[in-house]
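Student: Here is a sequence together with a model predicted from it:
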Amino acid sequence: MSSLLVLGGARSGKSRFAQQRIEQYAGKLAFIATAQPFDAEMRERIDRHKADRGERWHTIEAPFDLIDAIREADRQADAILIDCLTLWLSNLMLADKPIPAAQLCATVAQCRHPVILVSNEVGYGIVPENGLARRFRDEAGRFNQQVAAAVDAVALVVAGLPVFVKP
Amino acid sequence: MSSLLVLGGARSGKSRFAQQRIEQYAGKLAFIATAQPFDAEMRERIDRHKADRGERWHTIEAPFDLIDAIREADRQADAILIDCLTLWLSNLMLADKPIPAAQLCATVAQCRHPVILVSNEVGYGIVPENGLARRFRDEAGRFNQQVAAAVDAVALVVAGLPVFVKP
Amino acid sequence: MSSLLVLGGARSGKSRFAQQRIEQYAGKLAFIATAQPFDAEMRERIDRHKADRGERWHTIEAPFDLIDAIREADRQADAILIDCLTLWLSNLMLADKPIPAAQLCATVAQCRHPVILVSNEVGYGIVPENGLARRFRDEAGRFNQQVAAAVDAVALVVAGLPVFVKP
């Protein structure tokens, strides 16, 4: 089925755009959350997002096992939203785990239901002084390229407005 | 009348694009400057920008009272340029004042003359280590979304070239 | 002949896009590398990029003398790739040398063969705390504007996908 990658900066409206887009599908909706509530700021953000979603939604928390979560969601729901890939990447990198990018792309391609994936653009600033930030920026950029090449469509969200860069 | 939000990164040419655009209107032009000359670097930047503008321009300094300044400009001038919203947001946040985003949008919508608003994209880099910078990035992103939803048109300026994302 | 500026963030796929684009031309290809191998990370990156290129390529290292390198490449090759302008700018700034932006633009305009120039977008994050980073960000932004105005076409690469902002 169709797949869409939604890219954007921080607070660009990418999550809201992705959510509105997936809510146009009928039936049950799966939300795959990759966030880990490290601190109060993050916990509050996760809870606010959960409260924003309605009754059609089922949430799967998958800070690491994203691929299994997608397969499960594809069995249970009629459309799948993954928010977001950048946090998943960050979780894997901080835990020194490999990044199964090719397997992710293959899993999405095999889904019977539409999938929307949200990811962050992080490479449009000055080179970070912090070595780990630099490595993360490199990985996130390459990863976004790989996913963008695999999905059917890519939208860059600017101030809440989508620009389809792979139509 | 028509309203246009001009977004862009630092030194993307967004101010120049906005200025050239507003100079296509006949009559008197109002420039609403939100910058505060904290230091020599900023003072020099403000003065350079002022020197670049011609005789048709009247400048209103409004680091805080932007909404009053817009109303005043709408009475006195035939077209209004606001440069920039991000500095205004930053001034309010640093002074611990509320951000009247909805009131700003309503004021712009009520103007009898065309309004061009300039704002910065600041969310396309790595998550800042500094907590205040993180909070500012979040506020600026949400604020840009809110203004983008309210105006008639939105252009993202890339290396001096406009990409209309809300045409 | 035709000139194209390819802009993008870190790991946006701008170099690969530029390379694939220039390889569509027949004949000999010149790669002008501006990188200086300061450390192992950079050396590895340069070597990986070299290994990726094929036999049609001739590499000219030009961390400073880019203008001479372009003239030489135009005599010897059928198409020229410059990767990247931002490193060149950085090399000049760190060595306290002037930035001959106008001369660069004129040299590219005079080339008998197609030229593709790669450059980084660095101004879409939070204002850097570091003064040198701020100054670099300003210079890089203005420089990109100047080159963008001079070339025939400009593409912004987002996750490997080109968006032509000056078609």
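Tutor: Received the coordinates, thanks. Residues are numbered from 1 along each chain as shown, chains lettered A, B, ... in the order given.
Student: For A:Lys3, grab phi and psi.
Tutor: Residue A:3: Ser, not Lys. Per-residue torsions, A:Ser3: phi -130, psi 140 (degrees, to the nearest 10).
Student: so what's it closest to, chain neighbours aside?
Tutor: What sits nearest to A:Ser3 in space, not counting adjacent residues and going by Cβ to Cβ, 6 or more residues apart in numbering or on different chains, is A:Val151, at 4.1 Å. From N, CA and C alone the C-beta is placed, and that goes for glycine too.
Student: Near the one you found, how many other residues are there?
Tutor: Look at A:Val151: counted by other Cβ atoms under 10 Å in any protein chain shown, it has 20 neighbours.
Student: ok, now A:Asp96?
Tutor: When neighbours are defined as other Cβ under 10 Å, A:Asp96 has 6 of them.
Student: Specify the local secondary structure of it.
Tutor: At A:Asp96 the chain is in coil, as set by DSSP: H, G, I helix; E, B strand; the rest coil.
Student: for A:Glu129, same thing?
Tutor: A:Glu129 is classified as coil under three-state DSSP.
Student: Chain neighbours aside, what residue packs nearest to it?
Tutor: Counting by Cβ to Cβ, 6+ apart, A:Glu129 lies nearest to C:Asn130, which is 7.3 Å off, once chain neighbours are set aside.
Student: Check A:Leu104 too.
Tutor: A:Ile67 is the one closest to A:Leu104 (Cβ to Cβ, 6+ apart), at 6.0 Å.
Student: which SSE is the one you found in?
Tutor: helix A:66-76 (DSSP states H and E).
Student: and the next element down the chain from that helix?
Tutor: Past helix A:66-76, the next helix or strand by DSSP H and E is strand A:79-83.
Student: Would you tell me whether that next one gets close to chain C?
Tutor: No. Strand A:79-83 is not in contact with chain C by Cβ under 8 Å from any Cβ of the partner chain; minimum separation 15.7 Å.
Student: how about that strand: buried residues?
Tutor: Buried residues in strand A:79-83, counted by 16 or more other Cβ atoms under 10 Å in any protein chain shown: A:79-83.
Student: What mean pLDDT does it get?
Tutor: The average pLDDT for strand A:79-83 rounds to 97.
Student: What pairs with that strand, parallel or antiparallel?
Tutor: strand A:29-33 (parallel), strand A:115-120 (parallel) (DSSP bridges).
Student: Make CSV out of those and add mean pLDDT.
Tutor: Shown next, in CSV, are the strands paired with strand A:79-83 (pLDDT from 0 to 100):
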stretch, mean pLDDT
strand A:29-33, 96
strand A:115-120, 97
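Student: which of these is buried the deepest?
Tutor: Counting by mean count of other Cβ atoms under 10 Å in any protein chain shown, strand A:115-120 has the highest mean neighbour count of these, with a mean of 25.
Student: so what's the spatially most central residue of chain A closest to, chain neighbours aside?
Tutor: Central residue of chain A (Cα atoms, centre = their mean): A:Cys84, 2.7 Å from the mean position. Nearest residue to A:Cys84, sequence neighbours excluded (Cβ to Cβ, 6+ apart): A:Val118, at 4.1 Å.
Student: show me what contacts that neighbour?
Tutor: A:6, A:8, A:14-15, A:18, A:81-85 (Cβ atoms under 8 Å, 6 or more residues apart in numbering or on different chains).
Student: same check, this time on A:Val151
Tutor: A:3-5, A:105, A:108, A:117, A:166.
Student: and with 10 Å instead?
Tutor: A:Val151 is in contact with A:2-6, A:105, A:108-109, A:115-117, A:166, C:159, counting by Cβ atoms under 10 Å, 6 or more residues apart in numbering or on different chains.
Student: Which of these are buried? Put it as a PyMOL command.
Tutor: PyMOL command restricting the contacts of A:Val151 to the buried ones, with burial defined by 16+ other Cβ under 10 Å:
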select buried, (chain A and resi 3+4+5+6+105+108+115+116+117+166) or (chain C and resi 159)
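Student: Now do A:Gly9 against chain C, distance only.
Tutor: 7 Å (Cβ to the nearest Cβ, to the nearest Å).
Student: And for that residue, the neighbour number?
Tutor: 26.
Student: Please name the residues that touch the residue nearest to it when sequence neighbours are not counted.
Tutor: Nearest non-adjacent residue to A:Gly9, counting by Cβ to Cβ, 6+ apart: B:Gly123, 3.3 Å away. Residues near B:Gly123 by Cβ under 10 Å, 6+ apart: A:8-12, A:14, A:120-122, A:124-125, A:159, B:137-138, B:140-142, B:144, C:124-126.
Student: For chain A, spot the helix or strand the model is least confident about on average.
Tutor: The weakest-scoring helix or strand in chain A, judged by mean pLDDT, DSSP states H and E, is helix A:40-52 (a mean of 80).
Student: partners of the next helix or strand after that helix, with directions?
Tutor: Next helix or strand after helix A:40-52 toward the C-terminus (DSSP H and E): strand A:57-61. Strand pairing for strand A:57-61, determined by DSSP bridges: strand A:29-33 (parallel).
Student: Contacts for the partner strand next, please.
Tutor: A:19, A:22-23, A:46, A:49-50, A:53-63, A:65-66, A:69-70, A:72-84, A:87-88, A:113, A:115, A:117.
Student: Show me what whatever helix or strand A:Cys105 lives in is packed up against.
Tutor: Here A:Cys105, judged by DSSP H and E, is contained in helix A:101-110. The contact analysis (3 or more Cβ pairs under 10 Å, 6 or more residues apart in numbering or on different chains; DSSP states H and E) places helix A:101-110 against strand A:3-8, helix A:66-76, strand A:79-83, helix A:85-94, strand A:115-120, helix A:131-150.
Student: rerun at 7 Å
Tutor: Helix A:101-110 is packed against helix A:66-76, helix A:131-150, with contacts defined by 3 or more Cβ pairs under 7 Å, 6 or more residues apart in numbering or on different chains; DSSP states H and E.
Student: looking at the ones you listed, which one has the lowest mean pLDDT?
Tutor: helix A:131-150 (a mean of 94).
Student: relative to helix A:85-94, how tilted is that helix?
Tutor: Angle of helix A:131-150 versus helix A:85-94, following axes from the mean of the first three to the mean of the last three Cα atoms, to 10 degrees, is 130 degrees.
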